[in-house]
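Asks: give me a model of this one.
(chains A, B, C and D)
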Protein chains: 2
Amino acid sequence: MQLHKRTLVAKATELLDSYGIADLTMRRLARELDVTPGALYWHFANKQQLLGAVADEILTPACAPPRHSDWPDRIAEVCARLRNALLSHTDGAELVSASFAAGQSAAITEVLGLLAAAAADAGLHPAQADLAARTIMHYVLGFTVDEQSRMQWDAAGALPEEQSVLDERSDPGAAFTFGLDLLTDGLSVRGGVRPLS
Amino acid sequence: MQLHKRTLVAKATELLDSYGIADLTMRRLARELDVTPGALYWHFANKQQLLGAVADEILTPACAPPRHSDWPDRIAEVCARLRNALLSHTDGAELVSASFAAGQSAAITEVLGLLAAAAADAGLHPAQADLAARTIMHYVLGFTVDEQSRMQWDAAGALPEEQSVLDERSDPGAAFTFGLDLLTDGLSVRGGVRPLS
DNA sequence: ACCTGAACACCGTTCAAGT
DNA sequence: ACCTGAACACCGTTCAAGT
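Replies: This is a model prediction of the structure:
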């Protein structure tokens, strides 16, 4: 049976979910597909490109058109979807972060577009809106890489167990929202278009 | 002559500056020091730990006590020093970013402390100040990784050459300041302590 | 205490040659 | 067009044994 880009990406995503990014190697992927390592290079020029395709796969849910019309809600919605997408795959944040840095994912560019549009609605000039979008993206990726590495570290080791108060320190969701609100507040100051609240 | 941690770190930094992070391998470092790869593992438990020590070396200039007393100036000062430190070594941002994610650098913790103190002066509660510090750190690292990869990409290839206007799009320094101001504005909104201007 | 020798178990990538 | 075979040039880490 013939090999296709999509079967490659599907199996790669499966490997990622089961064993993590360290074990997502070209050789292992080839073995799992019962082909020679060289075969993969007919479909992808190199590993970076393959990882970019996996990043696109992971980010599909985050690319859907936002439901909210108010710009602060739209930013919150896109970022929440982004974080959820990253968290639903083992080492998802790390993989997407690497693909972002390498500029290998079309889906990341799409998400950046959604964020830039929201920033423009906040009143920023196009060039500033682009910068703001990248800033938000860096925040979400950085935060989620942190969060996920802690999660996976805790899942294997001993963790202090059950805090009584659910403040920003113990609840990652609250911490995420806090940092995002910091940026959103900054946007409304610089853009001049304040949120409805 | 005996091997010491500091000679190891010094040679590793030298390798980084000359050939980049991809060529900073344990085997190459050993070769350059005229020892067997195994010798390195007497001084460092693993590669991550060695890279953490290099990150500490890189970040030394960023750990100096800030000169400014006003909190927004202090944040700007620390972040500018941080960015400069990263930019003065090949792949410096990438290396420190990795050590941050791995939690292997004491110097990063120190810088986080400086930022958290400034955020507290802006009027945030301690837990919030810690989160704000991490948010700023994610921004600076993410931005500088981007900037540096573009720099090094341009240095080897063809670049469009000389924009006439020095706006945020063409001037990395202005873009950096813009994103940082976004966060600083957010801090003053949430903290209630507005900057002097 | 500090290092060597030698191995273990891998990597990404290329490319002539086959079908 | 698509894949195999086989190589090239490497990795990080471990550990008995030497000094």
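Asks: ramachandran angles for residue A:3?
Replies: Torsion angles at residue A:3 (phi, psi; degrees, to the nearest 10) stand at phi -90, psi 140.
Asks: quick one: contacts for it?
Replies: Neighbouring residues of residue A:3 by Cβ atoms under 8 Å, 6 or more residues apart in numbering or on different chains: A:33, A:35, A:39, A:42, A:43. Using the backbone N, CA and C atoms, a C-beta is placed for each residue, glycine as well.
Asks: pull up the gap between the last one and chain B, please.
Replies: When distance is defined by Cβ to the nearest Cβ, to the nearest Å, residue A:43 is 24 Å away from chain B.
Asks: please apply the same query to the second one.
Replies: In this view, residue A:35 and chain B are 27 Å apart by Cβ to the nearest Cβ.
Asks: out of the contacts of residue A:3, which end up buried?
Replies: A:33, A:43 (16 or more other Cβ atoms under 10 Å in any protein chain shown).
Asks: turn the contacts of residue A:3 into CSV, including pLDDT and secondary structure.
Replies: CSV is the format used below for the contacts of residue A:3 (pLDDT from 0 to 100; DSSP: H, G, I helix; E, B strand; the rest coil):
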residue, pLDDT, secondary structure
A:33, 98, coil
A:35, 98, coil
A:39, 98, helix
A:42, 98, helix
A:43, 98, helix
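Asks: mind checking the longest helix of chain A?
Replies: For chain A, the helix reaching the highest residue count under DSSP state H is reported as helix A:126-156.
Asks: next secondary structure after that helix?
Replies: On the C-terminal side of helix A:126-156, the nearest following helix or strand under DSSP states H and E is helix A:172-191.
Asks: now for that next one, which elements pack on it?
Replies: For helix A:172-191, the elements it packs on are helix A:71-87, helix A:126-156, helix B:126-156, helix B:172-191, judged by 3 or more Cβ pairs under 8 Å, 6 or more residues apart in numbering or on different chains; DSSP states H and E.
Asks: of all those helices, which one comes closest to DNA strand C?
Replies: Nearest to DNA strand C among these is helix B:126-156 (16.3 Å), distances taken as Cβ to the nearest atom of the strand.
Asks: re the thing from before, any chance of the helices and strands packed on helix A:172-191 in a markdown table, plus mean neighbour count, mean pLDDT and distance to DNA strand D?
Replies: Output for the helices and strands packed on helix A:172-191, formatted as a markdown table (neighbours: other Cβ atoms under 10 Å in any protein chain shown; pLDDT from 0 to 100; distance: least, Cβ to the nearest atom of the strand, whole Å):
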| stretch | mean neighbour count | mean pLDDT | distance to DNA strand D |
| --- | --- | --- | --- |
| helix A:71-87 | 21 | 98 | 25 |
| helix A:126-156 | 20 | 93 | 16 |
| helix B:126-156 | 20 | 93 | 20 |
| helix B:172-191 | 21 | 94 | 30 |
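Asks: format these as CSV; extra columns: distance to residue B:107.
Replies: Written out in CSV, the entries for these read as follows (distance: least, Cβ to Cβ, whole Å):
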stretch, distance to residue B:107
helix A:71-87, 28
helix A:126-156, 18
helix B:126-156, 12
helix B:172-191, 20
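Asks: many thanks, I have nothing further to ask.
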